[in-house]
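Undergrad: this one's structure only:
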């Protein structure tokens, strides 16, 4: 069937959905339509049900997640109700969150081929599609999937969907792990597909990056979808978090990287990185996906040993010991791993010093969730919880790997404010890896720009503008 | 596991069936005084078909393991011959499986798909392939994350529960990923990107295994 631009691709009519174990509906009488040739954005606060709406449009709900569903969803003017997932998946491409958990095969090419094989495409056509989607997403088909960085895995999952060639694309926070260049690459590709008649529906918090591309904006508030005027995006979501003056840092060096290097077999991930982190200093690490930022953070945290050089510490505790991790707080890219207590309150209280637990619960907006199980929270809420739990222990050094992923603009501002308040109060040193332009300036005194595993530039806040704009423009040209 | 993968793997069905035949025949005839010769012949055959490196790696693991089993056997039975047979069986178990364990999983799934076997088998294969590395990865990550929280080790609260929750979440996401990529256990047609074909090399290998088995059965 040849779809015409402007014809309805997905229509949601009066959708109300309540998860099987829940008392109240997540979605309440939602109605909206996505048309061919349209690039639409779904915005909303964390935990409002954006993923649920996308899942319903893709047929995942109620096929895979049971619950009570009222209302109708039409894909290509045919009702979704009663149709199998595999059947819907032939028309609707759905990019899920957590790319790490979705990879089955050893190589990029095999992973992309998998979906095409399920559509019974001829091998020659699969080969062409692999080449095309890899070129679009900047991937090497021969690369091993387990050696990809978080951002590259995200691009791979998008490439898998693009190769399948469905005309309706639903993407759930696809920019979460992508750097500016990766985001631009993806959004340009999606915009190009819309021009060819594809319907694209994207759920994303990084509105500053997405807004120039989208034709329509929907907002999910209180379980109900509302169509917004594009201009409404400027209400705050596009602005940067205002930097607040931080207390001056001391001259005392707490951690020092000396010609730090890390390699796995022949692959050099980090080479000759030298810098010092002073007590009370805030450093932001910038760099493309796969440039070695997370590896540098893990080396500083003592989770891996350098293959050359050393990390010198003035913390006075043995590296890697229990006491070390009470002094060096490390917040992982994937928050779920660090959560183990039965309730949010217990999680934040574990190891908390002084009134740290109560303060962090309030600062990170977790009081309403205090009795919930940590693993029952949304991804954005889990991230705030893991930051709160680690911050409550008042570490001397706080290492944060992509702390703002999955945060809406209000939460982002609150999170940055809380982090800065904790920094001001405890005088801890902070190192943050981020791809989020909106908050980078507010989280730093000094910037380290990592490129191809080496320390490429070092400077003050002015380097942020240069990294996010000047350098990206050069890359693009 | 990646280090074990063969550069030129054999045809998947041959890689699965031949080790089973070699193992079963070997176990049935393990009491023969020439049993070590059978093991050597199997190793040489595998080496001839490109599995020399993997054979050395396997022997390096299974010879010490076989000695432990032999020691226990001797302690219980006080019989050198029985202990030797036990060691031989353990070594054969490790060595015979080489064509199977060196097979890239994708070759097997593609072979199954190309032969038109039920997709439920492919599903089982995909899950089995991913299970071990996923569990390994999750155990490592949870242990590392708990370390970063500075927790005192408790098997249930700080290890078993987080690992189980992670595995359940991951299995949900994996299942979802399969479904959203149009995988179905129904009768929908599928294609194979790189068909795995039965080549002359596979025929030679099959004939060599057949000849080895016949010769050994006659000798034993």
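TA: In hand now; what should we look at? If you're wondering where the values come from, they're calculated on a predicted model, not measured in any experiment. Residues are numbered from 1 along each chain as shown, chains lettered A, B, ... in the order given.
Undergrad: now whichever helix or strand residue A:159 is part of: how far from the chain's centre is it?
TA: Assigned by DSSP states H and E, residue A:159 falls within helix A:150-164. Put simply, helix A:150-164 sits 14 Å off its chain's centre (CA atoms, centre = their mean, to the nearest Å).
Undergrad: How many neighbouring residues does residue B:109 have?
TA: Counted with other CB atoms under 10 Å in any protein chain shown, the neighbours of residue B:109 add up to 25. C-beta: built from backbone N, CA, C; applies to glycine.
Undergrad: quick one: contacts for it?
TA: Contacts for residue B:109 (CB atoms under 8 Å, 6 or more residues apart in numbering or on different chains) come out as B:122, B:125-126, B:129.
Undergrad: cutoff 7 Å now
TA: For residue B:109, the contact set (CB atoms under 7 Å, 6 or more residues apart in numbering or on different chains) comprises B:122, B:125-126.
Undergrad: Which pLDDT value does the model give the residue in chain B sticking out farthest from the centre?
TA: What lies farthest from the middle of chain B is residue B:150; by CA atoms, centre = their mean that is 37.5 Å. Per-residue pLDDT puts residue B:150 at 84.
Undergrad: Now for it: which residues touch it?
TA: Applying CB under 7 Å, 6+ apart to residue B:150 gives the contacts A:322, A:325-326, A:351, A:393.
Undergrad: for residue B:161, same thing?
TA: Listed by CB under 7 Å, 6+ apart, the contact set of residue B:161 reads residue A:340.
Undergrad: Need the three-state assignment for it.
TA: Assigned by DSSP: H, G, I helix; E, B strand; the rest coil, the conformation of residue B:161 is helix.
Undergrad: What sits closest to residue A:301 if chain neighbours are left out?
TA: Closest residue to residue A:301 apart from its sequence neighbours, by CB to CB, 6 or more residues apart in numbering or on different chains: residue A:330 at 4.2 Å.
Undergrad: brain fart, residue A:189
TA: Spatial nearest neighbour of residue A:189, chain neighbours left out: residue A:136 (5.0 Å); criterion: CB to CB, 6+ apart.
Undergrad: Let me see the mean pLDDT of stretch A:297-313.
TA: Regarding stretch A:297-313, the rounded mean pLDDT is 95.
Undergrad: buried ones in that stretch?
TA: By 16 or more other CB atoms under 10 Å in any protein chain shown, the buried positions in stretch A:297-313 come out as A:297-303, A:306, A:309, A:311, A:313.
Undergrad: Those residues of chain B touching chain A, which are they?
TA: Counting by CB under 7 Å from any CB of the partner chain, the residues of chain B lying close to chain A are B:104, B:106, B:126, B:130, B:141-142, B:144-150, B:157-158, B:161-162, B:165-166, B:169-170, B:173-174, B:176-177, B:179-184, B:186, B:188-194.
Undergrad: Just the ones of the buried residues of stretch A:297-313 in strands?
TA: Cross-referencing the buried residues of stretch A:297-313 against strands under DSSP state E gives A:309, A:311, A:313.
Undergrad: Output the contacting helices and strands for the strand or helix carrying residue B:61.
TA: Following DSSP H and E, one finds residue B:61 within helix B:52-77. Secondary-structure packing of helix B:52-77 (3 or more CB pairs under 7 Å, 6 or more residues apart in numbering or on different chains; DSSP states H and E): helix B:80-96, helix B:98-101.
Undergrad: Let's have these in a markdown table, adding mean neighbour count.
TA: Formatted as a markdown table, the helices and strands packed on helix B:52-77 follow (neighbours: other CB atoms under 10 Å in any protein chain shown):
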| stretch | mean neighbour count |
| --- | --- |
| helix B:80-96 | 20 |
| helix B:98-101 | 21 |
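Undergrad: Cheers, nothing more for now.
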